[in-house]
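S.K.: here's my sequence, what's the structure:
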Amino acid sequence: MSEAQRTIRLYKKTIGIRDSVELVLNPADFLAPPKVPEEILRENLLIHHAMGCDNTESLEFKLKNGWMLRGVPDAWHQDKIVELKVVRPHSDKDKLLRLAAFQGMIYALAAGLDKVEVWLYYAMSGDVQIYSFNVDDLQPGNFFNTLEHNLWVLQQLQKPNFEIVKFKEPPENKLSMRMVKMR
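M.R.: Prediction:
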């Protein structure tokens, strides 16, 4: 099993685009990344390549609060961003669709585009469902307000809200130095 790597740096105020979407849509799951078998990760990579979703050019998007979102869209066409998700028998299709749509929204805004396509590839059948979105229909203002709030909450986790006191050395524990006699 492999653990998904989170790409968040609190001190540098950077976060991966996929992670930023997870933080908004599934904040309770954000700190517990799912374990994905290596063979599934490799198979997903092959599917992405076969579908032409093998872009390597990264994009950045800066929030009003100074945080930088970074990532690589699956495919970057002249007029749209394409995000591909692989649907397996136990996948939550609606969750994957939302995740991909909002990832695509951020990439589209970073690239100056206003269209997003989500491709859901069904691993068992090879079928593909295509969903098209206009960026404005995804309500980016509401999304980014929630993201900025959740990032602020995460930043608060790193700061203690109390004074750390110096503890005195404990007195010598004379009991621990006694030898216990066995009968």
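S.K.: ok, the residue nearest the centre of the chain - contacts?
M.R.: The residue lying closest to the centre of the chain (Cα atoms, centre = their mean) is residue 19, at 1.6 Å. Residues near residue 19 by Cβ atoms under 8 Å, 6 or more residues apart in numbering: 6, 7, 8, 30. Using the backbone N, CA and C atoms, a C-beta is placed for each residue, glycine as well.
S.K.: redo the residues you listed as CSV? Include neighbour count.
M.R.: Below are the contacts of residue 19 laid out as CSV (neighbours: other Cβ atoms under 10 Å):
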residue, neighbour count
6, 15
7, 15
8, 16
30, 17
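S.K.: name the next helix or strand downstream of the lowest-mean-pLDDT helix or strand in the chain, please.
M.R.: Here the helix or strand of the chain ranked lowest by mean pLDDT, DSSP states H and E is strand 2-3, holding a mean of 44. Next along the chain after strand 2-3, taking DSSP states H and E as the criterion, comes strand 8-9.
S.K.: what comes into contact with that next one?
M.R.: 14, 15, 16, 19, 154.
S.K.: how about the residues you listed in TSV, adding secondary structure?
M.R.: Formatted as TSV, the contacts of strand 8-9 follow (DSSP: H, G, I helix; E, B strand; the rest coil):
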residue	secondary structure
14	strand
15	strand
16	strand
19	helix
154	helix
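S.K.: from the residues you listed, which is closest to residue 88?
M.R.: Set against residue 88, the nearest of the contacts of strand 8-9 by Cβ to Cβ is residue 19 (21.3 Å).
S.K.: circling back to that earlier point, looking at the contacts of strand 8-9, which is nearest residue 87?
M.R.: For the contacts of strand 8-9, the nearest to residue 87 is residue 19 (21.0 Å; Cβ to Cβ).
S.K.: partner strands of the host helix or strand of residue 70 and their direction?
M.R.: Using DSSP H and E, residue 70 sits in strand 68-71. The strands that strand 68-71 pairs with in its sheet are strand 14-16 (parallel), strand 59-62 (antiparallel) (by DSSP bridges).
S.K.: mean confidence for that strand?
M.R.: Strand 68-71 comes out with an average pLDDT of 96.
S.K.: chain center to the very next helix or strand once past it: distance?
M.R.: Sequence order places strand 75-76 as the next helix or strand after strand 68-71, per DSSP H and E. Centroid separation for strand 75-76 versus its chain: 19 Å, with Cα atoms, centre = their mean, to the nearest Å.
S.K.: what sits up against strand 75-76?
M.R.: 52, 53, 54, 55, 57, 59, 81, 82, 83, 84, 107, 111.
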